[in-house]
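**Q** Sequence and predicted structure below; questions after.
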Amino acid sequence: FMDEFNSVSISKDFNDGRFGNNEQQQQYYYNAAKELTQTGLRTGDESFGYRRNNLQVNYRRTFEKQEKEWTADFTWNGGNNGGSGDIINRFFSTNGVQIGPDNVIFNEGDGTGNQFTFQTDYVNPLSEVSKLEMGARFFSNQSRDRLNVFSIDGPTATKLPLSNHYSFEERIFALYGNYSNAFTKKWKYQAGLRYEQSVFKGELIDSAQQFGYKYPGKNTFWNAFFPSLFLTHTVKEGTDIQINFSRRIRRPNFWQINPYVDITDPQNIRRGNPTLQPEFTNSFEVNYSKTYEKGNVFVSLYFRNNTEDITQYTDTITADQLSQLNNAAIAPNALISTFINADRTNRTGLELTWQHKFNEAFDITPNFNA
């Protein structure tokens, strides 16, 4: 505490983790007549570990006016990870005799990562019913990872396209503000606006393939604004009706965008899509809430329009994709799942929530959503 109004806090964390996993999968294969043609046994053994550090520096400035404050926070997360594992797949005829040699896959990898966040916020209650909030946030995420996958055939080890040596950097910058006030004692509102820029740059180092996205792109300046508006009417004490609108962005996560191929389940392959773009949600809601002595009732009628909706997409593996996986014990009719940007998804619904407290020891909260 530097004085009555200014304070600084510093915290440091150290994390160390070690994990192991053993898995056994029984497989049964049938023909179109549902007759058993062969069986399989797939075993997996892997170990993984990480070490991470975290540093936080927080500054807080208060004022004589109650609830008025300014904060500035810096956070750093960094560390490394690594591990190895193997998968062995054996096939057997219906009389229990093994078909062909073992299919053996070995993988090992490691990685490093650093995340930086700087955020500053200002809150000023202008009157008993009005408040102004403003802030800015910058986030940076940098990572470099290496995964080598080999098919083992006796003394010969063949490196598979499943191997993945990649790096990426993600940066997000945002400015935002929020203002709340009241028209009358029974009508109040809250309006907010957020401006955001983000970029994701990834590279498969071995093949020099680049992937990622930049938002907003060319000629889409206005798409970088995310407004919100809440209008509330107090019918009587404890009973409110609210109408609101908001626009949000959801970016693809790392596994959705990374072209890494997951063969843990030989019948269901998973991989990311490096061309995936962010999705957006335009949300409209009409809400009713009533509070009484022992509980409350909440009713919400909503419409949500998702554009560029991040959607799982599944198809049968192609002959070319199967041949690239070499001796990885993948079923020739396996399904391969990835993610795409659908044109749009519209959701309309009604949600009911009731909370009631019978006594100090017992309460219920049923919820219904259609």
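**A** Received the coordinates, thanks. Numbering: from 1, shown residues only.
**Q** For residue 53, give its distance to residue 12.
**A** 7 Å (CB to CB, to the nearest Å). Quick note: C-beta positions are derived from backbone N, CA and C, even for glycine.
**Q** okay, the two: which has more neighbours?
**A** Counted by other CB atoms under 10 Å, residue 53 and residue 12 do not tie: residue 53 has more neighbours, with 13 against 10.
**Q** Going along the chain from the longest helix seen in the chain, find the next helix or strand for me.
**A** The helix that spans the most residues within the chain, counting by DSSP state H, is helix 319-324. Using DSSP states H and E, the helix or strand that follows helix 319-324 in sequence is strand 335-359.
**Q** what pairs with the helix or strand following that following strand, and is each one parallel or antiparallel?
**A** Later in the chain than strand 335-359, the nearest helix or strand by DSSP H and E is strand 362-364. Partners of strand 362-364 in the sheet, by DSSP bridges, are strand 335-359 (antiparallel).
**Q** for the partner strand, which positions count as buried?
**A** 336, 338-339, 341 (16 or more other CB atoms under 10 Å).
**Q** How far does it sit from its chain's centre?
**A** 16 Å (CA atoms, centre = their mean, to the nearest Å).
**Q** Likewise for stretch 262-280?
**A** That offset, for stretch 262-280, works out to 14 Å (CA atoms, centre = their mean).
**Q** Tell me which residues touch the nearest residue to residue 223 once chain neighbours are set aside, please.
**A** Distance criterion CB to CB, 6 or more residues apart in numbering; nearest residue to residue 223, sequence neighbours excluded, is residue 216 at 4.9 Å. Contact analysis of residue 216 by CB atoms under 8 Å, 6 or more residues apart in numbering lists 197, 223-224.
**Q** measure residue 79 to residue 261 for me?
**A** Taking CB to CB, one finds residue 79 at 25 Å from residue 261.
**Q** Pick out whichever of the two has more residues nearby.
**A** Each of residue 79 and residue 261 has its neighbours counted (other CB under 10 Å); residue 261 has more, 22 against 18.
**Q** Which residues does the longest helix of the chain contact?
**A** 160-161, 330, 332, 334, 336.
**Q** Give me the buried subset of the contacts of residue 216.
**A** Here the buried ones among the contacts of residue 216, as counted with 16+ other CB under 10 Å, turn out to be residue 224.
**Q** Next, format the contacts of residue 216 as a markdown table and append distance to residue 133, pLDDT and secondary structure.
**A** Formatted as a markdown table, the contacts of residue 216 follow (distance: CB to CB, whole Å; pLDDT from 0 to 100; DSSP: H, G, I helix; E, B strand; the rest coil):
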| residue | distance to residue 133 | pLDDT | secondary structure |
| --- | --- | --- | --- |
| 197 | 21 | 91 | strand |
| 223 | 23 | 80 | helix |
| 224 | 20 | 89 | helix |
